[in-house]
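Colleague: got a predicted structure plus its sequence, pasted below:
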Amino acid sequence: MFELQGHRGARGLWPENTLSGFAHALELGVSGVELDCAVTRDGVVVVTHDPELNPDCTRDAHGQFLPDTGPPVVTLSYAELQRYDVGRLRPGSAYAARFPRQQPIDGERIPRLAEVLELVRTHGGGRVRVAIEIKTFPEQPALTPAADEFVQAVGRDLQLTGTAALVSVMAFDWRVLAATRRHMPQVATVALTEQQPGEDTVRLGSPQPSPWLGGVDPALFGNSVERLVQATGAGTWGPDHLDLDAARVQRAHALGLRVVPWTVNEPADIERLLGFNVDGMATDRPDVLRALLAKRGLELPAPAGAPPA
C-alpha cells in the first residue's frame, strides 16, 4: 500500500507533535505518522521538532508566547518542559499564516516518545507505522546527545512499548543510521536528504565530504545520491520533494530503495510525485493526500479507532 504519512502528526490540521494531533491523524486514516525527537537534561526522549523551543508555537506557564527562541530542550528537565503549552500557533506569525486550518488545542504539552508509541500501538491496529526522526546536528553537537547515546535512549522506549516492528528511524545525520544498525539492527532505517540552496546536507562537489553523511564520500559513489543512500544500508530514501524527478525515482527503485519524499502539501506537487511512482509521501495535510489517492482509485488506510477522551 502507498505510505500515507502524517507529518508531525498532521500539523496542517492540528498542533504538531502532540498527543491530540497524533490521535486525530489516526482517526483520519494514515498508514504512518512522522515525528521528531529530542532528549531532556534528565534523559527523557520527547517528541518535538526544534532543538530549542519554538516561540511561534510555545507559551509559558502564564499563557504568554515566548518572546524569542526558548532554551534548548537538552538543558531542561522533563518536568520543566511540561510547563510549556504547545497547542496553539502565535497569531500573526509566518507559521500561523502557513497553516490557517490548524485547529488549536490548548493545554497540549510536549509528549514523551513512549506515550506516542503507546498511542499508535494501542489504536493503530498494528497497521500504522511510526517514522522517528532522530535529530542531531553535526555542526552544532551541543544541542543534543551524541548519536549512540540518543539511539540507545530511543531503543529503550521501543523495548518498553514493544513497538520496534512498527518503527523506522530516520535521520539527515547519517551517523544516526550507523548507530541504529549497531544498537537496533532489527529496526528499519530511512536516509533523509536535502539538496536545496542554503539547506544542503549532501553537498555534492564540496572539497570535503558533508559532515551530515557520517563519513561517506560521495566521490566514491559517482556523486550519486541514490547510491549513497544505498551505501548506508537504509531501505528507504527520504528526499526533499523539490529535489526529485522521475529519473531519480527510477534509479532509486533500480537499487532496491523505496522513495518517500517530504513534505508534500500542495495538490499539484502531490500529483507530480504520484506521476513519478513514489512509494509514499509525508504531508502536513493527509486529508488532501487521501482525497487525491481516492481519486486515482488507490487503496486508502482505514481510520483508526478513537482513543478514549
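Modeller: Received it, and whenever you're ready, just let me know what you need. Numbering: from 1, shown residues only.

Colleague: partner strands of whichever strand in the chain runs longest, parallel or antiparallel?
Modeller: For the chain, the longest strand by residue count, based on DSSP state E, is strand 32-39. Applying DSSP bridges, strand 32-39 is found paired with strand 3-7 (parallel), strand 45-47 (antiparallel), strand 129-134 (parallel).

Colleague: so for that strand, what's the average pLDDT?
Modeller: Looking at strand 32-39 alone, the average pLDDT works out to 98.

Colleague: in the one helix or strand V154 maps to, what's buried?
Modeller: According to DSSP states H and E, V154 maps onto helix 147-161. Using 16 or more other C-beta atoms under 10 Å as the test for burial, helix 147-161 gives A147, F150, V151, Q152, A153, V154, G155, D157, L158, T161. C-beta: built from backbone N, CA, C; applies to glycine.

Colleague: tell me which of those is nearest to E3?
Modeller: Using C-beta to C-beta, L158 is the member of these that lies nearest E3, at 19.7 Å.

Colleague: from A302, how far off is the closest one?
Modeller: L158 sits 24 Å away from A302 when distances are taken as C-beta to C-beta, to the nearest Å.

Colleague: what of Q103?
Modeller: For Q103 relative to A302 (C-beta to C-beta), the value is 23 Å.

Colleague: for the helix holding V154, which helices and strands make contact with it?
Modeller: Secondary-structure packing of helix 147-161 (3 or more C-beta pairs under 8 Å, 6 or more residues apart in numbering; DSSP states H and E): strand 32-39, strand 45-47, helix 113-123, strand 129-134, strand 167-171, helix 174-183.

Colleague: can you give me the offset of that helix from its chain's centre?
Modeller: Distance of helix 147-161 from its chain centroid, counting by C-alpha atoms, centre = their mean, to the nearest Å, is 16 Å.

Colleague: what residues does that helix touch?
Modeller: Residues outside helix 147-161 that contact it (C-beta atoms under 8 Å, 6 or more residues apart in numbering): 37, 39, 43, 45, 112-114, 117-118, 121, 132, 134, 136, 144-145, 164, 167, 169, 173, 175-176, 178-180, 182-184, 187.

Colleague: where does pLDDT dip in the chain?
Modeller: For the chain, the stretches with pLDDT under 70 are 306-309.

Colleague: from the contacts of helix 147-161, list just the buried residues.
Modeller: Buried by 16+ other C-beta under 10 Å: 37, 39, 45, 112-114, 117-118, 121, 132, 134, 136, 144-145, 167, 169, 173, 175-176, 178-180, 184, 187, out of those.

Colleague: now the strands: where do they sit in the stretch 151-300 of the chain?
Modeller: Applying DSSP state E, counting those that start in this stretch to the stretch 151-300 of the chain gives strands spanning 167-171, 188-193, 236-239, 258-259, 280-283.
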